[in-house]
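Engineer: Provide a 3D model corresponding to the input given below.
(one chain, ligands or ions: 1)
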Amino acid sequence: MNKNTEVKQFWDSQAAAHGETYLATMPDKFLKELEIDNISKYLKPGTHVADIGCGNGYSTFHYAETVDITIQGIDYSEAMIEQAHKAWNRLPDNLKARVSFRPGDVKGTGFDSSMFDTVITDRCLINLTTRNDQENALKELHRILKPNGYYVMCEDTEQGLHNLNQVREYVGLEPIKVRWHNLYIDETHILTVAQELFNLVEVVKFSSFYYLASRIINGKMAQEEGVEPKYDSDVNRVAALCSSKAVFGDFGPLKLFVFQKI
Ligand SMILES: C[S@@+](CC[C@H](N)C(=O)[O-])C[C@H]1O[C@@H](n2cnc3c(N)ncnc32)[C@H](O)[C@@H]1O
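Structural biologist: The predicted model follows:
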């Protein structure tokens with residue numbers, strides 16, 4: 001079986017195991033909330049948005065509930081889309097009219113060119129198994145955006161993880177390894193490819209403070225107690241609260257890159 005098929009099977013199994021909950025795509029609920037809050041800031045009322053690699057639609061629903069947008073979610077895992085449809089069925093009619101889902105691949109979305117004001121990926125590109133696929137995905141996302149449209153890329157980077165792991169090393173914690181199904185973005189690579197297609201508007205290192213607190217302080221406390229760190233610890237809860245006010249440093253793998261189509 002090739003790696004792409006294995007990765008897709010992994011996501012199918014996550015959908016089966018965790019259904020409509022945030023756990024299908026992210027074990028850390030505070031980090032999930034931070035992602036949603038930060039991405040939402042770049043959504044403008046009245047715009048048409050694509051959420052590519054939307055999983056079970058957990059975030060997609062939040063975006064449509066908090067901002068008056070129309071949004072189309074696609075994911076290559078039919079099992080994820082099935083969960084999204086289950087949740088969609090319970091929506092009030094006004095939201096149903098603004099939110100839709102279908103299966104689809106970021107490498108070839110099947111959308112017409114220049115369709116969207118904004119395109120989001122949230123930890124989707126990191127599931128592509130080669131740099132070439134990540135590059136082609138970027139070109140596809142550019143194609144489906146209207147001129148001057150925004151690509152909001154929320155992805156983990158090698159550089160962010162490297163910085164975090166340096167701090168972990170200083171304090172005597174094991175490095176966090178990239179999981180088998182992920183290829184974290186190389187910022188130098190993606191920014192080089194992107195410069196032909198987009199203007200880089202902003203880089204928001206929104207998870208830096210959160211990772212320092214949750215993966216260093218909480219990690220160290222757990223080490224002292226001889227237990228596994230818990231995602232729902234009080235340290236993480238307070239770190240998430242502070243993170244909305246304290247965006248500094250470069251110690252989180254997860255970052256937001258805001259691009260505008262040239
Ligand atoms: C980490 S989850 C994130 C899901 C969602 N964006 C969120 O934030 O909850 C990654 C998602 O990307 C999807 N995915 C991975 N590769 C994809 C591809 N080539 N095309 C479309 N979706 C893909 C997976 O099925 C999975 O649902």
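
Engineer: Which strand residues bridge the residue of the stretch 151-262 of the chain found nearest the ligand?
Structural biologist: For the stretch 151-262 of the chain and the ligand, the shortest gap (C-beta to the nearest ligand atom) falls at Cys154, measuring 7.6 Å. In this view, the C-beta of every residue, glycine as well, is placed from N, C-alpha and C. For Cys154, the beta-bridge partners are Asp122, Leu256 (DSSP bridges).

Engineer: which residues does it contact?
Structural biologist: Glu35, Asn38, Ile39, Ile120, Thr121, Asp122, Arg123, Leu254, Lys255, Leu256, Phe257 (C-beta atoms under 8 Å, 6 or more residues apart in numbering).

Engineer: all helices for the stretch 1-150 of the chain, in order.
Structural biologist: Remark: helices assigned in the stretch 1-150 of the chain by DSSP state H, counting those that start in this stretch are 3-18, 29-40, 58-66, 78-88, 93-96, 131-144.

Engineer: wouldn't Asp51 be in contact with Ser59 here?
Structural biologist: Yes: using C-beta atoms under 8 Å, Asp51 makes contact with Ser59 at a distance of 7.0 Å.

Engineer: Give me the more crowded residue out of the two.
Structural biologist: Asp51 (28 against 25; other C-beta atoms under 10 Å).

Engineer: Show me which residues of the protein are close to the ligand?
Structural biologist: 11, 25-26, 53-55, 58-59, 75-77, 80, 105-107, 122-124, 127-128 (C-beta under 6 Å from any ligand atom).

Engineer: Filter those down to the ones in strands?
Structural biologist: If you go by DSSP state E, these have Asp75, Asp122 in strands.

Engineer: neighbours of the closest residue to Thr21 other than its chain neighbours, just the number please.
Structural biologist: Once flanking residues are discounted, Thr21 sits nearest to Tyr58: 7.3 Å by C-beta to C-beta, 6 or more residues apart in numbering. Tyr58 sits with 22 neighbouring residues when counted by other C-beta under 10 Å.

Engineer: just Glu169 next, same as before
Structural biologist: Neighbours of Glu169 (other C-beta under 10 Å): 11.

Engineer: Return the list of helices and strands in contact with the host helix or strand of it.
Structural biologist: Per DSSP states H and E, Glu169 falls inside helix 158-170. Secondary-structure packing of helix 158-170 (3 or more C-beta pairs under 8 Å, 6 or more residues apart in numbering; DSSP states H and E): helix 208-211.
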